[in-house]
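# need a 3D model of the following:
(one chain, ligands or ions: 1)
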Amino acid sequence: MSACRRMLYLVKHRSLLTHVRRNLTTWSPVGAAFNARPHRKLDLFQKNVGLFGVPELSCPAGFQVATEKALKNTEHLVEKAYSSSPGVQTVQCFDQLSDELCKVADLADFIKVAHPDPAFREAAEKTCIEIGTVVEKLNTNVELCKSLKNLLDNPDIVAQLDPDTRRVADLFMFDFEISGIHLDDTLRKEAVALHVKLLDLNNEFLVRSHMPNRIARSAIPEHLHLHFATEGSFIQIGGLHADSPNDLVREIAYRIYLYPNAELMGCLEELLKCRYKLATLVGYESYGHRALKGTMAKTPETVMSFLQLLTDKLSDRTAKDFKMMRDMKKKLSPRHSELMPWDHPYLSGVLRAERYNIEPSLYSPYLSLGSCMEGLNNLFSQLYGVSLMSEQPRAGEVWSEDVRKLAVVHETEGLLGYIYCDFFHRQDKPHQDCHFTIRGGRQCQETGQYQLPVVVLMLSLPHPTKGAPTLLTPGMMENLFHEMGHAMHSMLGRTRYQHVTGTRCATDFAEVPSILMEYFATDYRVISQFARHYETGQPLPESMVARLCESKKVCGAADTQLQIFYAVLDQIYHSKPQNRSTTEILKDMQQKFYGLPYTPNTAWQLRFSHLIGYGAKYYSYLMSRAVASMVWKQCFIEDPLNREMGERYRREMLAHGGAKEPMLMVEGMSNLFATNTDRISCLPTNICKAPFCANSLRFRHSSYPGFLPDYGVVSPLASCHI
Ligand SMILES: [Zn+2]
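The predicted structure is shown next:
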């Protein structure tokens with residue numbers, strides 16, 4: 001064979017090889033569906049079925065029609081509640097009422113942020129406002145409350161209620177109580193006025209806490225101007241520039257962005273005062289006590305001891321982390337070697353890169369979206385006997401052509417619900433991975449059927465290209481698993497009442513199922529089932545997965561300690577009024593629970609917008625992580641694909657949504673607690689005895705202004721869900 005011919009042969013042969021190799025990687029139907037480019041058969045004669053199959057929602061004007069229909073049904077149900085004799089039917093009627101409103105409001109809540117067409121977004125926004133107003137009115141409807149009170153005040157009837165109905169009745173009553181409905185006229189009016197004032201203060205704080213600060217250009221060295229935005233003769237600073245390699249840029253950003261604004265400070269102090277006043281008016285010791293009722297922790301005292309125990313447990317590791325950062329700072333900038341709060345995120349990144357230098361693009365080819373979906377499908381079918389089936393959405397059913405629809409099907413129980421996957425990046429779409437409940441599951445008395453849950457998972461992944469499917473970085477893959485944890489919480493729940501469907505559970509329990517999924521996402525026995533190179537079919541090497549896991553441990557304790565400090569601050573701000581300013585409290589707690597020095601003339605609390613949505617529950621993520629870690633270590637670490645354990649997890653935890661005390665679910669799952677031990681006092685100790693995995697803690701629901709997704713319970717209907 002001549003050289004030239006040989007060359008030609010090789011070229012031909014190589015292309016043949018590549019072709020053959022490409023064909024080696026075959027996917028299951030769900031994998032193939034997510035690795036293919038979206039294609040839709042255009043059928044002009046197909047009937048528009050409306051968003052999520054709701055016939056009214058085929059055009060923006062339909063929102064008004066759906067709203068009116070829901071409000072009319074609501075009126076009818078309110079009448080029914082007034083007239084029915086106290087019993088289980090009272091609670092059923094309340095739940096149906098709640099369902100009528102939530103079904104429209106939750107859907108509108110999603111569409112108002114996600115629909116690409118502004119006309120749809122505006123119509124949905126109007127619906128949210130209209131239903132929100134009705135909800136407010138219902139929460140202060142004395143007659144309606146009375147019909148529930150008649151039930152709860154009758155011990156004979158209460159004794160006959162099943163535990164789920166009893167709990168849901170209590171939860172409805174709790175929502176009523178916060179509006180002061182049980183008070184006399186004067187106090188009730190005061191409670192309502194405080195509510196209204198708080199709505200304004202919350203909004204003001206949310207908006208202003210994200211506003212940039214500015215400083216005269218002349219106050220900043222000229223060579224640094226290029227790092228910031230300029231407006232006339234001012235420099236605008238709208239964030240902490242925490243990842244900037246330049247020490248001075250980080251320091252300037254920290255000092256200016258956190259410089260206290262007197263008006264905003266006044267707003268925060270007034271807000272905390274009003275929250276305290278409202279809580280005490282309706283009978284609680286503090287706002288924290290009110291907020292924590294019904295959670296896993298139950299009281300602020302438990303939360304504080306949990307945070308203290310966590311701090312003690314982490315202290316050696318935190319000290320080591322800070323020492324590493326200090327050494328690194330000395331090396332990088334010998335003249336300013338003291339470790340400051342603005343150094344922490346940057347230096348932990350530097351240390352991680354120095355030790356493990358994880359290059360996400362080396363992992364991505366093994367983590368195509370299709371392979372990850374296939375992995376989830378395999379995992380769920382092994383653990384629960386559940387499959388994810390890709391379905392073609394009907395005309396008008398989805399808001400963007402690239403949204404995929406999954407039917408979740410159990411091997412014996414049949415269809416469990418639907419997950420709409422809005423995975424791809426789109427202009428104007430919030431950059432936030434989150435889970436939305438569109439419709440809750442519930443047993444319909446009217447039809448005798450189970451109303452199937454419907455949820456949306458929103459991510460911001462890159463689109464597939466001509467040559468390659470969407471490839472995920474390890475972080476994106478973990479987020480996908482996390483959000484699917486929420487979705488499966490919704491799908492596998494079979495609650496009788498929609499008021500407690502899936503993720504509508506205690507805030508400090510809501511992240512347990514999703515964080516648990518992160519453990520699956522980093523276990524090689526699970527990853528090896530699906531992570532294959534999209535071209536060659538080669539598996540992702542085990543050593544690469546091990547490196548990734550190790551890299552997460554770097555500075556993990558210090559990162560967690562920072563979150564503990566924020567959670568402590570949130571607790572103290574929501575306890576009884578202190579005789580000192582919010583800044584003095586911050587300074588003190590920073591010293592005690594974090595360790596890096598407070599910088600004079602800064603007020604980080606004015607940027608802590610989570611104070612609004614989480615109010616006294618910012619610790620939730622830490623506690624959920626502690627419980628998820630315990631469940632993983634006790635139940636799945638030996639065999640993450642064990643069907644028996646999967647069934648038990650579904651039965652004891654996922655099936656109940658918010659219908660069961662979270663601590664009872666944890667007990668049922670882990671057998672950790674002695675039956676007669678005081679649960680409250682043993683909660684933090686036991687959690688801390690469980691090997692707490694602080695390594696990969698990060699707050700996912702970081703900061704989208706005024707937008708608190710993911711927790712079904714922190715919607716604008718948060719405190720009501722009626
Ligand atoms: Zn989450």
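
# now the closest residue to the ion within the stretch 451-600 of the chain: which helix or strand?
The minimum distance from the stretch 451-600 of the chain to the ion, using C-beta to the ion, falls at Ser514 (4.3 Å). For the C-beta atoms, the positions are set from N, CA and C on the backbone; glycine is no exception. Per DSSP states H and E, Ser514 falls inside helix 512-521.

# same question, Gly646
Gly646 belongs to helix 643-652, assigned by DSSP H and E.

# list the buried ones in the helix or strand following that helix?
Using DSSP H and E, the helix or strand that follows helix 643-652 in sequence is helix 662-670. By neighbour count with 16 or more other C-beta atoms under 10 Å, helix 662-670 contains the buried residues Pro662, Met663, Met665, Val666, Glu667, Gly668, Met669, Ser670.

# okay, those in a markdown table with pLDDT and distance to the ion next?
Converted to a markdown table, the buried residues of helix 662-670 look like this (pLDDT from 0 to 100; distance: C-beta to the ion, whole Å):
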| residue | pLDDT | distance to the ion |
| --- | --- | --- |
| Pro662 | 87 | 16 |
| Met663 | 85 | 20 |
| Met665 | 88 | 17 |
| Val666 | 84 | 18 |
| Glu667 | 81 | 23 |
| Gly668 | 83 | 22 |
| Met669 | 81 | 19 |
| Ser670 | 71 | 21 |
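
# and for the nearest residue in space to the residue of the stretch 451-600 of the chain closest to the ion that is not next to it in sequence, the neighbour number?
Distance criterion C-beta to C-beta, 6 or more residues apart in numbering; nearest residue to Ser514, sequence neighbours excluded, is Gly485 at 3.5 Å. Residues near Gly485, counting by other C-beta atoms under 10 Å, number 25.

# what's the answer for the one 3 residues further on, then?
Each residue near Met488 was counted by other C-beta under 10 Å, and the total is 28.

# for Ser368, what are phi and psi?
phi -70, psi 150 (degrees, to the nearest 10).

# quick check: which ranges of the stretch 201-350 of the chain have low pLDDT?
The stretch 201-350 of the chain contains no residues with pLDDT under 70.

# show me what contacts whichever residue of it sits closest to the ion?
Closest contact between the stretch 201-350 of the chain and the ion, by C-beta to the ion, is at Met296 (15.7 Å). Residues near Met296 by C-beta atoms under 8 Å, 6 or more residues apart in numbering: Ala506, Asp508, Phe509, Met623, Val627, Pro662, Met663, Val666, Leu683.

# what of Leu641?
If you count contacts by C-beta under 8 Å, 6+ apart, then Leu641 has Leu379, Gln382, Leu383, Arg525, Val526 around it.

# Pro60 too?
Here Pro60 is in contact with Asp117, Ala119, Phe120, Glu122, Ala123 (C-beta under 8 Å, 6+ apart).

# quick check, pLDDT for it.
At Pro60 the predicted local confidence, pLDDT, stands at 97.

# quick check: it is in a helix.
No. Judged by DSSP: H, G, I helix; E, B strand; the rest coil, Pro60 forms no part of a helix; its state is coil.

# measure it to Ile111 for me?
For Pro60, the distance to Ile111 (C-beta to C-beta, to the nearest Å) stands at 10 Å.

# what is in contact with the two at once?
Counting by C-beta under 8 Å, 6+ apart, the contacts common to Pro60 and Ile111 are Phe120.

# name the helix or strand for the residue nearest to Ser514, please.
Per DSSP H and E: helix 474-492 holds Gly485.

# and the strands in this protein, which stretches?
213-216, 229-231, 234-237, 386-391, 404-410, 414-424, 434-439, 442-443, 450-451, 454-461 (DSSP state E).

# can you dump the C-alpha coordinates of the last one into CSV?
Extracted as CSV, the C-alpha positions of strand 454-461 are listed here (Å, rounded to 0.1, in the frame of the first residue of the first chain):
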residue,chain,number,x,y,z
VAL,A,454,-47.7,18.1,39.0
VAL,A,455,-44.4,19.9,39.4
VAL,A,456,-41.8,21.8,37.4
LEU,A,457,-38.1,21.5,37.7
MET,A,458,-36.2,24.6,36.5
LEU,A,459,-32.5,24.6,35.7
SER,A,460,-30.4,26.7,33.4
LEU,A,461,-28.4,24.3,31.3
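
# orientation of it relative to strand 404-410 in degrees?
Counting by axes from the mean of the first three to the mean of the last three C-alpha atoms, to 10 degrees, strand 454-461 lies at 130 degrees to strand 404-410.

# which parts of the stretch 51-200 of the chain are helices?
62-83, 88-114, 118-139, 142-152, 155-160, 163-178, 185-208 (DSSP state H, counting those that start in this stretch).

# can I get the ones you listed in CSV with distance to Gln590 and mean neighbour count?
Output for the helices of the stretch 51-200 of the chain, formatted as CSV (distance: least, C-beta to C-beta, whole Å; neighbours: other C-beta atoms under 10 Å):
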stretch, distance to Gln590, mean neighbour count
helix 62-83, 47, 17
helix 88-114, 34, 24
helix 118-139, 37, 18
helix 142-152, 43, 18
helix 155-160, 47, 11
helix 163-178, 32, 20
helix 185-208, 21, 15
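
# of all those, which lies closest to the ion?
Among the helices of the stretch 51-200 of the chain, helix 88-114 sits nearest to the ion (C-beta to the ion), with 15.9 Å.

# that closest one vs strand 434-439, what angle?
130 degrees.

# check which helices and strands helix 88-114 sits against.
helix 62-83, helix 118-139, helix 142-152, helix 163-178, strand 434-439, strand 454-461 (3 or more C-beta pairs under 8 Å, 6 or more residues apart in numbering; DSSP states H and E).

# quick revisit: residue contacts, the residue of the stretch 451-600 of the chain closest to the ion?
His435, His482, Glu483, Gly485, His486, His489.

# got it, and Ala546?
Tyr524.

# related to what we said a few turns ago, any chance of the helices and strands packed on helix 88-114 in JSON lines, with distance to the ion too?
JSON lines is the format used below for the helices and strands packed on helix 88-114 (distance: least, C-beta to the ion, whole Å):
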{"stretch": "helix 62-83", "distance to the ion": "28"}
{"stretch": "helix 118-139", "distance to the ion": "22"}
{"stretch": "helix 142-152", "distance to the ion": "32"}
{"stretch": "helix 163-178", "distance to the ion": "22"}
{"stretch": "strand 434-439", "distance to the ion": "7"}
{"stretch": "strand 454-461", "distance to the ion": "11"}
